[in-house]
Structures are given as C-alpha cells and as structure tokens.
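Undergrad: Structural data only, the sequence is not supplied:
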C-alpha cells in the first residue's frame, strides 16, 4: 500500500474552514454556523442553559431527525414506530440518566418547543430526547434478546429483522457495519505521539444527521468536542476529544446479551466525555452498570500520558487492552484498530450463544478483509504513521465500506487544541443516492455527497449581521409533505384569433395570443398555499421570456424590423424574434393607452376580428381613439426599426421638502423611442416607493415623494419594461442550442459535489428534448477558447469555481463565502441554491448560466431541477431550502444609482 499519490492535507486557512458571518445563528451564549457539510454548534453553561441553547439553535434539525428515525424504524407507520420505541425508552432507559443529563435533555426539548419544533403533531418532551439519544441501543435490542437468558418481553420497532436463513450461501446482506477506527502512538507514529481516526457508518436516511460537530463548555467537568446528531447529548457513533486530553472513538460489534437494570450506554459515554481525565477513569465510567446494549469496541487515547488502549465493552465480557502493558494484537506495537470484528474471545462467544443452544463458530477469530488491510497498512508504515496516513486509510474503499458517511482524524497537536480534520459524506469521494425503495419510503431522504476535508476548530464566529435570512427553516417544515399541484385553467382574458394579413403582421397575431395568457394568469387568484410573492416579479419573468426570444435571435444576427418579417419554415429564430418583440410592443401599448381601456379594446377587437386577416394598421386605427397621444410614430418606431428601447439614467437628485423628500429622476428619452412607460423605484430605510410614468421628449423627468431619505434609485426594478439593455438570457434560453453548450464544474472547493452535479446536469440536459449531451470540463482544464465559443453552464458558486468567480459580475447575485443575496434578501442555508443567467463576457452571442448551491449537496439538488423539469425561463431562480422557488429579474447595475443631494 503506497501513499505516493495521496492528497496533501489542506492548510487550516483553506476556504472550507472560513466562517461567513451571514450564516451565524445565536441564542444566548450558544451559536452555530455551517462548515463544509458540517454544522458547528457551541453550547455552554449549566445544564439548563446548555440544553436551551441546543434546543433553540437546532430545533428544525431535531424535528427532522425525529421524523427520520420514525420513518426509518417504521416506514409504513412512523408515528406508531416512534411511540413504540418511546415506550422502550421509558422502560429501559428513563431512570438510567443522572440528574445533570436529565436536566440538559429536558431543556433541549424545552428550547426546541419554544422555537416551534413538534413531533408527530405534539410538543416534544424529555422522552423524545431520550429515545433519540438511545436510538443505537434500541437498534440492538432485538439481537440482544436472542442471546440473553431469561430475556424480558420487550419489542422495539426496527428495520433490522433477524435473518432466519442458516445456510451461508443464502444469507441476506449483513446489516451495515457501524464505524471503523484506529489509534496509534510510540513506535508506530512518525513523532511518537498519538494519531487518531474514525469513520462513521450507518444507513443513509439517519446518516444525513450525523454532521453535527458540537463543543460543550460545561460549568462542571471538562470542555469537550464531539460528533453527534441534533438533540444528541453524547456522541452517538462516537468520536470525541476533551480538554483533559482524552480521545474516545468506537465501533459497534455483534450484539451480546443485555444486562437487566443496567445504565444506558448513552449516559455512560456522556459521563466519560465530560468527566474522564485518564484511560482508567474512562474505563470505569463506561463499564460501571453496563447494560450490555450496543456492544462496542473503544479506541482510547490519553494525550497527557501519551497512552493508548482498546476497550471491549460487552456487558459481562468487557476487557481493556493497554499499550502501557504491551497488550497488542498480531504484534502491532503502538497500534490499535477496530472494525466491528470482536477481538475478545469471551465477547465473541457471548454474542453467538443463542438461547436455543445452536453451535457457535466464534471460538476462533474470523479475520475480515478490513483486518487484513489495517494490518498491512500498519506494517508498511510503522514508524511513519501521521495525519496523511489517517486521511488516506480513512478514504480507502476496503476500510470505508459501502456505508461510510464521514472521516475524522487528529494528531496530538490538533487534539490538544480540540481540533480535528474531517470530511462529511462518503470518504471515497462517491455519491451515495437513495435506493428506489428508500425514495419511496422516505420523502425527505437526501443523497450523501463528500464534502472537502476541513479543519474543525470550533472558533468563535464573528458578529451576526442584522439581516434575517429568507431561508432559515422553521421546525414545522420538518414534517412537510409534498402536495401534488393541480393546475386550474384560467378563463380567457380576451378571445378571438387574429390571422396575419401579411408576413409583416405575424407579430400581431402572435403577440395578441401570447399577451392574453400573461394577463389571464396575472388576473387569477393566488393558490391558497402559495408563498407570498411580488406579482411584478412574475410579470417581469414572463416578459423577460419574450425579451429572451427576441434577444437570442438578435444576438445570432437575425435582427430586423417587424415589418420585414418573412415566414420561413426553416427559420425558427425569425419566428421567435417576431413573437418576442410582438408581445413586448403590445404590452408597451397597454401601458401607454392605459390597462383598463386597452384590455376592453382588445376584448372587442378579438370578438370583431376573430378568424379574420388583420393588418398592423388595423390595430393602430382601432386604438387611436382611446388616447390623445399620436400612435403613428410609436407604431412606425416599433415596426419599421430594429432593436428595442434603451434605458439610461442621466440624473437623480433628491431634496428635503415638506417633512419628506422629493427625488427627481431623469432618463435619456432619445434612446427609448417616441414614448415608453417606465417604473422608477426609490429605496429608503423605511421601504420603497414606485411610480410609473410615460417618458417622452416632453416628459424626461419624474418626481417621487418619500417620507424617508432616499438611499437608491432603481429604474425598472422588476424588468417589466420593453428594454434592450441588459442580458436577454434566461437559465433555459440555451435549450435549443445545447450542441453549443459546455458544462464547467468547480474544483476550488466542493469538488466532488460539483463534479457529481455536472454529471447529473449532463444527463438531465440530454433528456430535456433534443438528446444532446454537452461535454464537461473542470475549471482547471477549460481554456479561454472553450469559454468563448459556448453557452456555459457553470456548476459551483464563485468560492468553488474559478470561472464562476471570474464571471461573477454577469449575475445580479452578491455572494459571501457561504451565503448569497438577491435584491436585498439573504440566503444562508447550505441546501439553498441560486440559478442565474447572463451574457458570456467573452462573446455576448452566448449565455453563461450559474448553478450555485451553498454546499455540494445544495448544488447537486439544484441541478436535479433540470432533470425534474421544474425550472422556468427566468433570468434568476432562487431555490431556498424548504420553500418554493422564487423567480425574478435582477435590476441592472447601470439603472441603479444613488441620488445626489445638492
């Protein structure tokens, strides 16, 4: 086994370790923030305070974890399964926790309740938190009863049925192994000091919740850090380090007999994490009152004494092997490994001593493949074991197995500072998707994607900004179930089909039909469960789609006046140009004539001219009596000239007036045609004010009054004006030109997630319609020539993708390290994402589309929306965690100005 090509450990200052201030949440003295797939949580104080901080800060995740365990234990009846295991917890575990732990767990429930968490429609209580903390022991009960004499009649809900098949050739797949660990020192390591590593293994659904890295700073005992789950007061699949220098990690063994009246393992390991200062103390705390459930092997380290040990913890068959007594296995001096294979003969026999007297083959140790890999690696690297050894072994497929969900490693220097290197997600760098059965059973299950190795330091975060994120989950969302949407057809806004009198009138036939659909949708009532949204965003997105039809044709060299339209069955771009510009012109006419008068006129026009050939001049003559403004110049400009109006701000001046403020905004009317209705918005600290005015040569200015001092002027904030400036592209404009598309994924961070997302995107695009599969390049290998000649799909936010960073100015999105803002709204959840389109800055003929999640999983799930066909033709689509998508048009930078104050 060689490490010649092993990855070099990242430095503590790597991008994945940075804290984005926008992502920090606080409650009391506690705080949390995301880091490279982990949630870092700090709680401190007395038991009551610690529990409240934990419950408040992790309420949504606690509720989601209870749902996950309920469905995992009973997919067909999750509420009944949770109730059944609560009863098991009441019978076996409730009285086994000391008062300090009980108070902390009660307070976790209280804090979560106060934040809105619920379990199966009711408030949480301490028994819910106990059930959650004892879940691994509950999973082991059924196996324990098989080998326990005079076993009690206790039945827990589980997905781990006993295998009745006796023949080796017909055995079912073995339940997932639970963890892998090693610890080394002395003659085994490069510097003689301790090196320590661990992999968690579990089933996919509950495994998603083992990404909590928690620091506990109690008023009594030692400060400690641990990997755990939401609501966990001990490490669970254990990996912990305390300030006294004690390192603890475990792997689960085949289950031995349970001991009636024993103390829960959850209580004993928490006691050791918080109070043990030596191997002797940890051993005493773990073995005293052992209930025998969740049989385990523990690798232990004592930094102060530079001593390591391995404890087999199996009820009456427990035994401690100590390095200080040279109690090694297979001569592996300075090295203990643990891989779910019971080394202690008495424990092996106890785990296979069935009550029916069936013979056991456990008298002899049966080496596993993982045993062989560990020992071979030790022998090849004795005296050289270090963090690089740990990271490489913990990424080796034979060690990781199919159920590895993370990897953690520390040496004596890091552990002494309560720090560790860690990677959450399959350590081999592969995607772990749900099976078809898991997807059917668990609506909320997610895939696991490897996150980059990061140094977990539990550093105090910077001050939290005042802005509240728009995607912070409410605990009730944990129980949300997807509802099928039923589209209700809307009544026609107007009726009649217009036939073009000539090719020059194709725009009118198309625009009349397309604009009706936009207005009918706008007039429809909102769905009862629809999320609040600004209706102007919806209008901007719809008009933006037609602007994109025109703009793509224009960029491809097909721009010509509407009057020169020629019907050509082989010219889809010419058709799209007429369609797009036709809708924009009719909407412009509606704004100028007035919506009420225009709509009534169109209803009458449609009825009278239904099925008839109609010319452009017919519409002009029909509308002219409705407005004193001469329409001939407007019709001539729109039909006889190419292009669209161009908006430009030439002045913005604000003055205090009458207890408020007057702001005068001037536009360059020479570039917007004879007349154009343009909305102008004034943003203030107390909100915003928007007015729409028809600008023309005689009316180049608008005055807006606000009560508060104006901060910014935004022209056409929602993109509802028929303007030619700005990018015409939407995230799906490239759909018909996929043969010219290129996918570029980021490698600066979240590399595995970005690469998996790129592969999913490639397949999704091929399946959309045209059966074209765009090629994939990494941001390291793509050339400027590649970038210049394609529609680009950039996978990964700017912090993870060098090309996204380079082209960041093309989108109206402001990115932090692990957050983004759009139109002043902040998004911080790791599974939130944004998709945005803009011009390819190397050649505006092509678009550049960004797909950016705030984590590798967030990006992967955003790409899945292409496969699910749930995306719209919008310039920006926001996919907040736990909420519906938001579609909008971002204001143009050149149309957003700060007023002067003369």
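TA: Sure, I can see it. Note that the coordinates shown come from a computational prediction; the quantities given were computed from them, not determined experimentally.

Undergrad: neighbours around residue 356, how many?
TA: As a burial measure, residue 356 scores 5 neighbours (other CB atoms under 10 Å). Every C-beta, even on glycine, is put in place using the N, C-alpha and C of the backbone.

Undergrad: so how far is residue 63 from the closest residue to residue 64 other than its chain neighbours?
TA: Among residues not flanking residue 64 along the chain, residue 478 sits closest, at 3.8 Å (CB to CB, 6 or more residues apart in numbering). Look at residue 478 and residue 63: by CB to CB, to the nearest Å, they are 4 Å apart.

Undergrad: Looking at those two, which is more packed in?
TA: Shown here are residue 478 and residue 63; by other CB under 10 Å, residue 63 has more neighbours (28 against 24).

Undergrad: where does the more buried one land in three-state SS?
TA: Following DSSP: H, G, I helix; E, B strand; the rest coil, we place residue 63 in the helix state.

Undergrad: State the distance from it to residue 702.
TA: Distance, residue 63 to residue 702, by CB to CB: 50 Å.

Undergrad: Same question for residue 467.
TA: In terms of CB to CB, residue 467 sits 30 Å off from residue 702.

Undergrad: what about residue 321, helix or strand, and which?
TA: Under DSSP states H and E, the secondary-structure element containing residue 321 is strand 319-322.

Undergrad: just the strands in the stretch 251-400 of the chain please.
TA: In the stretch 251-400 of the chain, the strands defined using DSSP state E, counting those that start in this stretch lie at 296-302, 307-313, 319-322, 335-338.

Undergrad: make that the stretch 651-800 of the chain, sorry
TA: With DSSP E, counting those that start in this stretch as the criterion, the stretch 651-800 of the chain has strands spanning 660-667, 676-684, 687-695, 701-706, 710-715, 741-745, 776-778, 791-795.

Undergrad: any residues touching the fourth one, and which ones?
TA: The set of residues external to strand 701-706 that reach it, using CB atoms under 8 Å, 6 or more residues apart in numbering, is 651, 657, 660-667, 680, 682, 684, 689, 691, 693, 695.

Undergrad: what are the pairing partners of it, and which direction each?
TA: strand 660-667 (antiparallel) (DSSP bridges).

Undergrad: Domain ranges for this structure, per the record?
TA: As assigned by automatic domain parsing, the chain contains the domains 15-151+173-356+367-459, 499-640, 649-723, 733-871.

Undergrad: Tell me the span between the first and last residue of the second one.
TA: With CA to CA, to the nearest Å as the measure, domain 499-640 spans 20 Å from end to end.

Undergrad: The third one now?
TA: Distances were taken as CA to CA; on that basis the terminal residues of domain 649-723 are 13 Å apart.

Undergrad: before we move on, back to that, so of the strands of the stretch 651-800 of the chain, which one's packed in deepest?
TA: strand 791-795 (a mean of 29; mean count of other CB atoms under 10 Å).

Undergrad: now the angle from that one to strand 741-745?
TA: Strand 791-795 runs at 20 degrees relative to strand 741-745, counting by axes from the mean of the first three to the mean of the last three CA atoms, to 10 degrees.

Undergrad: Which other helices and strands does strand 791-795 contact?
TA: Judged by 3 or more CB pairs under 8 Å, 6 or more residues apart in numbering; DSSP states H and E, strand 791-795 is in contact with strand 741-745, helix 751-768, helix 802-806, strand 847-853.

Undergrad: so how far is stretch 126-135 from its chain's centroid?
TA: Remark: stretch 126-135 is offset 27 Å from the chain centroid, using CA atoms, centre = their mean, to the nearest Å.

Undergrad: With stretch 121-137 instead?
TA: 26 Å.

Undergrad: Start and end of that stretch, how far apart?
TA: Using CA to CA, first and last residues of stretch 121-137 are 25 Å apart.

Undergrad: Over to stretch 822-830?
TA: One end of stretch 822-830 sits 16 Å from the other (CA to CA).

Undergrad: where does this structure have low pLDDT?
TA: 1-17, 159-177, 355, 466, 482-487, 527-532 (pLDDT under 70).
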